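**Q** show me the folded form of this:
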Amino acid sequence: MFSRWTPDFSTEALVSYRRYTSRRLENSDLPSVSISGIEGISRNPNGTFSPANGSVAFGREPSGHANQLQVDTFIARLKGVYRLNAHTITAGVQMERFDNYNLFVTDALGTWTFLDGIEFYAPLRDGQFDRVAAAQGGRANSYRFSVPLVGDGSADWSMTTLSAFIQDEWSINPRLNVIGGLRIDFPIIHDSPPEAVGSPDGRSFQEVFGYDNTATLDGNYVIQPRVGFTYKLSEETISVLRGGVGLFYGRAPHVWVSTTYVENGRTIESYFAPRAGTPPFSTEAEPLPQPETVRNRVNLLDPDFHMPTEWKYNLAWDRKLPFLNLVLTLEGQWSRTQHNIHYEHLNMRQRIAPNFLGFLPDGRELYDTTLPRERENGYGDVFLLTNTDKGSTANYTIQLQRSMMNNWSARLGYTYSQARSVNDGLAFSAFDNWRFNVAPNPNDAQVARSRFETTHRVVGSVSYRLEWFKRQTTTFTLVYDGRSGRPFSYVFGGPFTGNAGDINRDRIVGINDLLYVPSGLDDPLVEWGPNNNQRDTRGVAFMEWVDSTKGLREYKGQIVPRNTGNSPFIHQFDININHEIKTWGRQSLELMCSIQNVGNLLNSSWGRERRPSGQNNSIGVMRATHIPIARGDKGNEFGYYRYDFDETSIREDNKYQVRDAGSRWSILVGLRYNF
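**A** Numbers count the residues shown, from 1 in each chain. From the prediction side, this is the model:
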């Protein structure tokens, strides 16, 4: 509601309510089953099976076993604007309440992992499938199962953000305008997570890990100062300098917080069975492992956790050129992280044993593969959501723009960007956000290139307008968008990877272990096959590829940083047609047709967006084995790597796959009435 009380004072009152609901539609109630090595299994003369490189997965994806979200949002805001001489003062308050219902129970139907098809199908007996052996327990490599202990295992919590803001827009003189403001956001959490279960030896969770898992965002307020200016460099307003700086508060998905209300061992109980304790495989029921296999997952917030905030800066110059009605813009935009997300796994144990000193040859940590693998018995994954102040962006733009004149307009711009982050926050669950964070060590708060960086981008458009009988106009617009492909990471992995893609044994295979790039063929940390017998064949081929690949050749003798690779450049065109019919007065009827990615409509091989074929925006290019003891001229106190390079892993058709959503053409037809 808008009200004008005097010529200089007006107010605006707003009340709104919105409900957002998201429910996964699944066509299966089967458990999650993944089987590797089942394609092309063959029988050897000695009666054993040779490994295969195929894999298959069926059933529901683990995070979709029980997944539903509903958020009710209520907003009330009151704002006033007062004009006093050269000042325009805006001030207001706002209350925003969120009522969250989040059902997210991973492994609720059971999650089975078979390392190869032999385990799943069972050995042959006298040439026949052995059904008795297949029905026995202990065949799966692992089994996970979660069961709600309270209700349906959902998180049901509320949060209110109280905000106040004030801004002064000051016209110092006809050429200089300055805006200064201040905003505060104060979160109030109405519910606390249940206290996590204690350890089997009687200690509380806080005594075990040093954190109180009932901590929330409550009271962690943010004060955000901002200032900006616009300065006309000439009286004729043909040259303008503008800029600003300020702190901005972002809303993180509430599901990141919701997991703390359910992953605590009291709302949901989680079981993990290793190979020796897995029950007989079944798709009909949820077999429950023995009580001693309880591995409760716990998610918690750092007591000082803040929602993401960043400092933003910009400086721009607009200049009207003396020809073709063109405006030249030069602009720089920068940001610096004050608070962003970072996940730490608190229950990992380094492998300290004979011949294993807790580290790999290149210095990264090596984790325990023995049972129990966790540092603390009775707990599985324990994730702490905390903050990092690392991260930045920089964008530099040059643009020429012509407004509509003589029935045509045009725009052409180029932007160069750099973006660095610790965690891009790609997933809803704590586990996925942690495992998708590619770093030398999974708990490292390492700042590196963001996967959302678009290094180069060219955007151009041209429009032409036709007038029909003075009451109808048709505007045709052609738009070009050319941009760098998405960055990606080079990691250990490749065809039939197995444990060769989990070099640090953190149980995340083939997606987060950054590649160590040898310094050369005779790198003391790398052996090319057993007894170096592949040095002059596969070793030579790999190093030649490294030397020809930007993003690898710069990091010889090092662990390659995250996202040094670049997917292929993308070229796409759109066509927009807008027909306007004037009716009465200023009212009009608009008919619109937009053809997105029209090149793909004309030729199916045009306008494609190709991304890395590997999971987690990564490409596995090397199968590796850790040899923990130095031998001859190979290794240090932590051993060396044995590399097994498969050239098929770097073929273009294996490295990339076409992203359907970003490569398809589409046609949008619309109708709008303006009044």
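**Q** where does residue 531 sit: helix, strand or coil?
**A** Of the three states, residue 531 takes helix according to DSSP: H, G, I helix; E, B strand; the rest coil.
**Q** that one: neighbour count?
**A** Residue 531 has 12 neighbouring residues, counting by other C-beta atoms under 10 Å. Every residue, glycine included, has its C-beta placed from N, CA and C.
**Q** likewise the one 3 residues further on?
**A** As a burial measure, residue 534 scores 19 neighbours (other C-beta under 10 Å).
**Q** from residue 264, how far out is residue 195?
**A** According to C-beta to C-beta, to the nearest Å, residue 195 and residue 264 sit 7 Å apart.
**Q** could you pick out the longest helix of the protein?
**A** Longest helix of the chain, by residue count under DSSP state H: helix 540-547.
**Q** shaky segments in the protein?
**A** 37-55, 116-138, 252, 284-293, 370-373, 494-500 (pLDDT under 70).
**Q** find the centremost residue of it, please.
**A** Computing the C-alpha centroid of the chain and ranking residues by C-alpha atoms, centre = their mean puts residue 426 first, at 1.9 Å.
**Q** just checking, it touches residue 433?
**A** Yes: the criterion here is C-beta atoms under 8 Å, and residue 426 meets it with residue 433 at 6.7 Å.
**Q** now do the contacts for residue 411.
**A** Listed by C-beta atoms under 8 Å, 6 or more residues apart in numbering, the contact set of residue 411 reads 399, 400, 401, 402, 459, 460, 461, 462.
**Q** looking at the residues you listed, which are in strands?
**A** Residues of these located in strands (DSSP state E): 399, 400, 401, 402, 459, 460, 461, 462.
**Q** relative to its centroid, which residue of this structure is most remote?
**A** The C-alpha centroid of the chain is most remote from residue 469, which lies 52.3 Å away (C-alpha atoms, centre = their mean).
**Q** and the gap between the residue nearest to the centre of the chain and residue 245?
**A** Separation of residue 426 from residue 245 (C-beta to C-beta): 29 Å.
**Q** got it, and residue 79?
**A** Residue 79 sits at a distance of 23 Å from residue 245 (criterion: C-beta to C-beta).
**Q** residue 92 now?
**A** For residue 92, the distance to residue 245 - C-beta to C-beta - is 22 Å.
**Q** of these two, who's got more company?
**A** When residue 92 and residue 245 are compared for neighbours, residue 92 comes out ahead with 19 against 15, by other C-beta under 10 Å.
**Q** element containing that one, please.
**A** Element membership for residue 92 (DSSP states H and E) is strand 87-104.
**Q** starting at the chain centroid, how far to that strand?
**A** 25 Å (C-alpha atoms, centre = their mean, to the nearest Å).
**Q** quick one, phi psi at the nearest residue to residue 190 once chain neighbours are set aside?
**A** Using C-beta to C-beta, 6 or more residues apart in numbering and skipping residues adjacent in sequence, the residue nearest residue 190 is residue 158, 4.3 Å away. When quoted as degrees, to the nearest 10, the phi and psi of residue 158 stand at phi -130, psi 150.
**Q** was I right about residue 158 contacting residue 96?
**A** No: assessed by C-beta under 8 Å, residue 158 is found out of contact with residue 96, at 11.4 Å.
**Q** higher neighbour count, those two?
**A** Shown here are residue 158 and residue 96; by other C-beta under 10 Å, residue 96 has more neighbours (18 against 13).
**Q** what sits opposite the more buried one in the beta ladder?
**A** As for beta bridges, residue 96 partners with residue 75, residue 161 under DSSP bridges.
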